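S.K.: just to be clear, the model below is a prediction. Sequence and coordinates:
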Amino acid sequence: MRRVGPWRWAVPVLIAVVMMAFPTTLALDTAPDAVEAGLRDGLCAHGPCPPGWAVMAANAGGGGHIRLPTGTYAPSLGMQPSHNPCNGHGKVETGEIYVSPPTGVPRRAYPELHSPYWGVAGQNTRLVLECKQGAWYRVSDAWGSFWVREGWVSRKPVATPRPALQGSAPPPIYRTSGVVTLSFDDSAPLARAHAILDVLGQKGVKAVFCVRGNWARAHPGFIERVRAEGHALCNHTASHPDLTALSDEGIRAEIAGGALPDDGGRLRPPYGAYDARVQAIAASMGYVLYLWSIDPRDWTGASADTIVNTVLSNLHPGAIILLHLHGANTLAALPHIIDGILAAGYEIGY
């Protein structure tokens, strides 16, 4: 028998390594309204996406792209995963579990708190287990496969379901009346936060700052400068938790801890995660949910060019742009974002 030299294994091994290193590219056709829904839900729309994301080429009546994480199930976009996303990364599970919170649980596109979600699975919805990855289960119901946190499910149906908290709550704000709004979330080293204010001052534009309450209390001088220079503030909770995972008391405590005297009754829920319960509690405390319509995902470390291109290619009247004080390249991108918005004929404000 002829001996096979070690070099003969190099090609298949190299192919396997390349396939593992780069995300799968999938194509689909979808309707323009589905594309708009995808963009509104905070999905990356243009430019390179973070590693592990699949590029979805969408036929949207004139072209366009939607970018979703590999293995995402998103029926609103007419798409199903090309493979089991737990393969090699999670423990296969079988059996069934049930949704336990009275308000249901969001159907997460993939197991990260930053991920978009589509719809809600109601309390006692029967879920078929597929696999478990850390604190997340991949499950399926009549609508398809999605992810839920371990703490949101139980092995048995809830015996005496509690009614979900009801209340009259204003709808979330995704857009303004016409001006384009720059908004900055979270926290950052103080020098970087002040540098962002410097750029805004040099350009003569105003923005909205949604800083964590704990950070705001630690840096009162920054908050005073925000006020003095005519910018707006909003509540971003005390410590940036996923509010949908907290008790009613926990939600109230986080909102109270993030409150600022002149936050305008705006509450930006961390990760954009909310449900009817969060919305009702916020309304009872005088807040309306303040979200966004353009998300360049600057917190991922995206390049300045990618941030700028994503923002400018998605501009529309009344856009609220989500940026982060701590984004690695947000400061570098900011002057070009402002110049591009103004050059496109929009006014910047809030």
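M.R.: Yes, it's here.

S.K.: where does the chain have low pLDDT?
M.R.: By pLDDT under 70, the weakly predicted segments of the chain are 1-90, 102-103, 111-120, 160-168.

S.K.: care to break it down by domain?
M.R.: The record's domain parsing of the chain by automatic domain parsing lists 6-77, 91-154, 181-343.

S.K.: can you pull out the helices in the chain?
M.R.: With DSSP state H as the criterion, the chain has helices at 10-21, 32-40, 190-203, 213-218, 220-228, 248-258, 276-284, 304-313, 330-343.

S.K.: Val179 is nearest to which of the ones you listed?
M.R.: Val179 sits nearest to helix 330-343 of all those, at 9.8 Å, using CB to CB. C-beta coordinates here come from the backbone N, C-alpha and C atoms, glycine included.

S.K.: I'd say Pro270 and Leu243 touch.
M.R.: Yes: here Pro270 reaches Leu243: they are 6.8 Å apart, a contact under CB atoms under 8 Å.

S.K.: shared neighbours of these two, anything?
M.R.: Common contacts of Pro270 and Leu243, defined by CB atoms under 8 Å, 6 or more residues apart in numbering, comprise Thr237.

S.K.: list the buried residues of stretch 137-155.
M.R.: For stretch 137-155, the neighbour count (16 or more other CB atoms under 10 Å) marks 137-139, 145-149, 152-153 as buried.

S.K.: looking at the helices of the chain, which is nearest to Val105?
M.R.: Judged by CB to CB, the one of the helices of the chain that comes nearest to Val105 is helix 276-284, at 11.3 Å.

S.K.: for that closest one, output the C-alpha coordinates as CSV.
M.R.: Extracted as CSV, the C-alpha positions of helix 276-284 are listed here (Å, rounded to 0.1, in the frame of the first residue of the first chain):
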residue,chain,number,x,y,z
ALA,A,276,-45.3,45.2,28.8
ARG,A,277,-44.4,44.9,32.5
VAL,A,278,-41.3,47.2,32.2
GLN,A,279,-43.3,49.6,30.1
ALA,A,280,-46.1,49.8,32.6
ILE,A,281,-43.8,50.2,35.6
ALA,A,282,-41.9,52.9,33.8
ALA,A,283,-45.1,54.8,32.9
SER,A,284,-46.2,54.6,36.6
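
S.K.: list the helices and strands that helix packs on?
M.R.: Packing partners of helix 276-284 (3 or more CB pairs under 8 Å, 6 or more residues apart in numbering; DSSP states H and E): helix 248-258, strand 288-289.

S.K.: redo that, cut-off 7 Å
M.R.: helix 248-258 (3 or more CB pairs under 7 Å, 6 or more residues apart in numbering; DSSP states H and E).

S.K.: and the helix it packs on, which residues are buried?
M.R.: Buried, per 16+ other CB under 10 Å, within helix 248-258: 251, 253-255, 257-258.

S.K.: redo the helices of the chain as JSON lines? Include distance to Glu96.
M.R.: Formatted as JSON lines, the helices of the chain follow (distance: least, CB to CB, whole Å):
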{"stretch": "helix 10-21", "distance to Glu96": "32"}
{"stretch": "helix 32-40", "distance to Glu96": "30"}
{"stretch": "helix 190-203", "distance to Glu96": "48"}
{"stretch": "helix 213-218", "distance to Glu96": "40"}
{"stretch": "helix 220-228", "distance to Glu96": "49"}
{"stretch": "helix 248-258", "distance to Glu96": "28"}
{"stretch": "helix 276-284", "distance to Glu96": "25"}
{"stretch": "helix 304-313", "distance to Glu96": "40"}
{"stretch": "helix 330-343", "distance to Glu96": "44"}
